[in-house]
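Asker: Model the following, please.
(chains A and B)
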Protein chains: 2
Amino acid sequence: MQLDDATPDQLQALEARLAADHQAFVDRGLALDLTRGKPSAEQLTLSDALDGILQGDYRAGDGTDTRNYGGLDGLPEARRLGAALMGVDAGDVLVGGNSSLTLMYQAMLVAHRFGLAGPDSAWSRQGTVKVLCPVPGYDRHFTVCEQLGIEMVTVDMTAGGPDMDRVEALLAADPSIKAMWCVPKYSNPTGVVYSDATVERIAGLGRIAGEGFRVFWDNAYAVHDLRGFRPLASISEACARQGTQDSVLQFGSTSKITHAGSGVAFMAASALNLGGFKRFLNACTIGPDKVNQLRTVRLLPDRDALMAHMQRHAEVLAPRFKVVLDTLDAHFADSDLGRWERPDGGYFVSFDTRPGVASAAVALAAAAGVKLTPAGATFPHGHDPLDRNIRIAPSVPTLPELEVAMQVFVTCVKLASVRAALAG
Amino acid sequence: MQLDDATPDQLQALEARLAADHQAFVDRGLALDLTRGKPSAEQLTLSDALDGILQGDYRAGDGTDTRNYGGLDGLPEARRLGAALMGVDAGDVLVGGNSSLTLMYQAMLVAHRFGLAGPDSAWSRQGTVKVLCPVPGYDRHFTVCEQLGIEMVTVDMTAGGPDMDRVEALLAADPSIKAMWCVPKYSNPTGVVYSDATVERIAGLGRIAGEGFRVFWDNAYAVHDLRGFRPLASISEACARQGTQDSVLQFGSTSKITHAGSGVAFMAASALNLGGFKRFLNACTIGPDKVNQLRTVRLLPDRDALMAHMQRHAEVLAPRFKVVLDTLDAHFADSDLGRWERPDGGYFVSFDTRPGVASAAVALAAAAGVKLTPAGATFPHGHDPLDRNIRIAPSVPTLPELEVAMQVFVTCVKLASVRAALAG
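Answerer: Got it, this is the predicted structure:
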């Protein structure tokens, strides 16, 4: 279907047919949800051995009684798990609580208000603070900036990662840009894996940017492959080559590996950054939940165990992604109604409608009982200037539910597109 | 022993004898630790059923799958446990992660920088910010203020709580005082329980103080009785009577009830305060570890279970407190060498030496292999202006270790006192 080639009469006929299809879905009283990038019950069950796995042995490998207070760095074996997950040295890893978002929030708070390299390095002492946000991106990253009163500057995503020409030009021109958000593997929501060249250029940003610049490298989907492990170039090694080790903070977690709400979060950074972060942490906690760290490590003692576990997740997730992509192919291939990436991992399929259509499509789907992430959510302040990006999260519904939800989705996109063409 | 009545010759003879006693301890090469208020292994073992207690059933009472993301308020049954612990309504309770210190830090951060009642209410918009700190007090409370750049104003503790005449006078005179730290039951470190009159007057502070004033009511030892449950007047009810519900934030946790490093933390507050706090939380987490909340509630399903569990802690702790108090009685009763409270609960015995003696006594103990909390730690910035307070934490050593450690302690206090008298 090419709307641009259709006559007004053809559009009218199409609108009538699609409206009837839509009404038929409304009449079914569906209640389906494609909003949240969270694991299904089937995936969560893969880690149910966690509770009881300690068998009364609460001692870590170094003899630490995990039940008691203390240990800001986390257990040595948990640091090794983080290192295996993120491809870094265990000595550079700090293990936190159940949320890498919390670590990212805290790290940005420290950099902004308290200074990772001491009080004088606080961004807030240097006037206006801006952060680069590749778009579409992760809404929670934007919320952190909003809450801290940091301006967001958007940069478009390409098939190889953020538009690096633009990123470098912005940084060279504006020293008030102090950070950049990145989801380098299976980017949220596009599913893009940053190319080797992109990773190398991001590692070089510390030499272009102003003092105190930090890349927030949210490697949330480091081992969340659907079709075998796909390597990501090492940002740590690239930084070591370029002498920019202090310019990148890496994050990861087991939230989408074990139990989503009770995972273990990791931060990897240079000694300078970890030192500054721990000065802050020391004021606000006596230490993380080490018992949960120990449980996690008992379930996933090494990288082989981790990868075998992720393979089981892939077996649950891959058919769901196939339904989404097959439906989009069947309805939109060779059309001018939308475009999308074909992710090999992660939790999302990102779909771009024709400009000005996304909110109307999401509203139509809601009326038909299919909840989608609000249009615009993948942009700072919830505002997609072209109103076209929709994030599809296929992990939670069952396969039959997903098939119905995707039929609703394509119908709503078509109907909203036709109406927009008629109005335009 | 009354040093004030001793002649210089008597002091000299005493010094020689005590120095010899001290040297004998040094020669034994002891390694004992009275520094930290943390549970012993024996106490931690009381909760070892936690791991495995779910028996594969990860569902909360309302059907929530605790393994997944979400739920900023915490599980309903965990909120009820917090309510039972703190003597408040479950609807006023928010359940966090493993650390009430983190909740307190976050609440002070929000009040200071972001505003519990919206941005305009942020203390930092109103110039200098000061917080009242009863002394001696909890070093971690002071660290929070230090890290946030908040000035601390000390108020002396009395046998019934903080000196309320002084507190009220300070608040009436200085609107830049925005908060007050309180450990109302078995106060850290004095062990004092706030009297009913003190609680009532603290509930009234919101009517004296400037806009945005908050009491940080750290009820860390709410059920940590050594000799049966000792009631504390309800600050919530007092606030309700006086119309000051927004002026108090209450905190508690299961850290010294179950496993210290993996407990569950609670905050109780008015709807206005919880609303402001959750706006902040929403930016920095997707939710707490609900699996751990469920485990905790399975172990401690109601107040009866909680109190029976605390009775078992008391059986472990009471003999340790007895050793400390018996030793102090045996050596210092009817002397002018020190004074101390006789706590009925909590984790500490607070000992005041003669002025100017505490650091020297702590240093002598360290030389003899007995670690004590650094003198001054119970005061803001680690500075005890009279250099006399020492916090004794008897929970971790075994009874025989504690007996030796206390012999060292009294010897060091005597020796340091005699030397100070000789020097003075």
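Asker: C-alpha from now on. contacts and neighbour counts both.
Answerer: Will do.
Asker: Do any residues in the top helix by length along chain A lie close to chain B?
Answerer: Ranked by residue count and defined by DSSP state H, the top helix of chain A is helix A:303-332. No: judged by Cα under 8 Å from any Cα of the partner chain, helix A:303-332 and chain B are separated, with a smallest distance of 14.8 Å.
Asker: So which other helices or strands are in contact with that helix?
Answerer: helix A:41-45, helix A:76-86, helix A:399-423 (3 or more Cα pairs under 8 Å, 6 or more residues apart in numbering or on different chains; DSSP states H and E).
Asker: can we see that at 7 Å?
Answerer: When contacts are defined as 3 or more Cα pairs under 7 Å, 6 or more residues apart in numbering or on different chains; DSSP states H and E, helix A:303-332 packs onto helix A:399-423.
Asker: got the angle for the helix it packs on vs helix A:303-332?
Answerer: 40 degrees (axes from the mean of the first three to the mean of the last three Cα atoms, to 10 degrees).
Asker: which residues touch helix A:399-423?
Answerer: By Cα atoms under 7 Å, 6 or more residues apart in numbering or on different chains, the surrounding residues in contact with helix A:399-423 are A:8, A:11, A:15, A:18-19, A:22, A:25, A:32, A:320, A:323-324, A:327, A:337, A:354, A:357, A:360-361, A:364-365, A:370, A:394.
Asker: Stretch A:292-299 too?
Answerer: A:50, A:53-54, A:60, A:77-78, A:81, A:264.
Asker: Looking at the stretch 301-424 of chain A, which residue is nearest chain B?
Answerer: Nearest to chain B in the stretch 301-424 of chain A, going by Cα to the nearest Cα, is residue A:396, at a distance of 10.9 Å.
Asker: Now do the SS call for that residue.
Answerer: What DSSP: H, G, I helix; E, B strand; the rest coil gives for residue A:396 is coil.
Asker: could you measure it against residue A:33, distance?
Answerer: Distance of residue A:396 to residue A:33, given as Cα to Cα, to the nearest Å: 8 Å.
Asker: Equivalent analysis for residue A:352, please.
Answerer: 19 Å.
Asker: And for residue A:44?
Answerer: Distance of residue A:44 to residue A:33, given as Cα to Cα: 18 Å.
Asker: ok, now residue A:328?
Answerer: Relative to residue A:33, residue A:328 is positioned 18 Å away (Cα to Cα).
Asker: repeat for residue A:393
Answerer: Counting by Cα to Cα, the separation of residue A:393 from residue A:33 is 8 Å.
Asker: Between those two, which has more neighbouring residues?
Answerer: Between residue A:393 and residue A:33, counted using other Cα atoms under 10 Å in any protein chain shown, the more crowded position is residue A:393 (25 against 21).
Asker: Could you pull up the residues touching that one?
Answerer: Contact analysis of residue A:393 by Cα under 7 Å, 6+ apart lists A:34-37, A:347-349.
Asker: Just the ones of the residues you listed in strands?
Answerer: If you go by DSSP state E, these have residue A:349 in strands.
Asker: any chance of the contacts of residue A:393 in JSON lines, plus neighbour count?
Answerer: Listed next are the contacts of residue A:393 as JSON lines, based on neighbours: other Cα atoms under 10 Å in any protein chain shown:
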{"residue": "A:34", "neighbour count": "21"}
{"residue": "A:35", "neighbour count": "19"}
{"residue": "A:36", "neighbour count": "18"}
{"residue": "A:37", "neighbour count": "20"}
{"residue": "A:347", "neighbour count": "29"}
{"residue": "A:348", "neighbour count": "26"}
{"residue": "A:349", "neighbour count": "24"}
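Asker: can you put the contacts of residue A:393 in JSON lines and add pLDDT?
Answerer: Shown next, in JSON lines, are the contacts of residue A:393 (pLDDT from 0 to 100):
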{"residue": "A:34", "pLDDT": "95"}
{"residue": "A:35", "pLDDT": "91"}
{"residue": "A:36", "pLDDT": "86"}
{"residue": "A:37", "pLDDT": "89"}
{"residue": "A:347", "pLDDT": "97"}
{"residue": "A:348", "pLDDT": "97"}
{"residue": "A:349", "pLDDT": "97"}
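Asker: Redo the contacts of residue A:393 as TSV? Include distance to residue B:114.
Answerer: Listed next are these as TSV, based on distance: Cα to Cα, whole Å:
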residue	distance to residue B:114
A:34	33
A:35	29
A:36	28
A:37	29
A:347	33
A:348	33
A:349	35
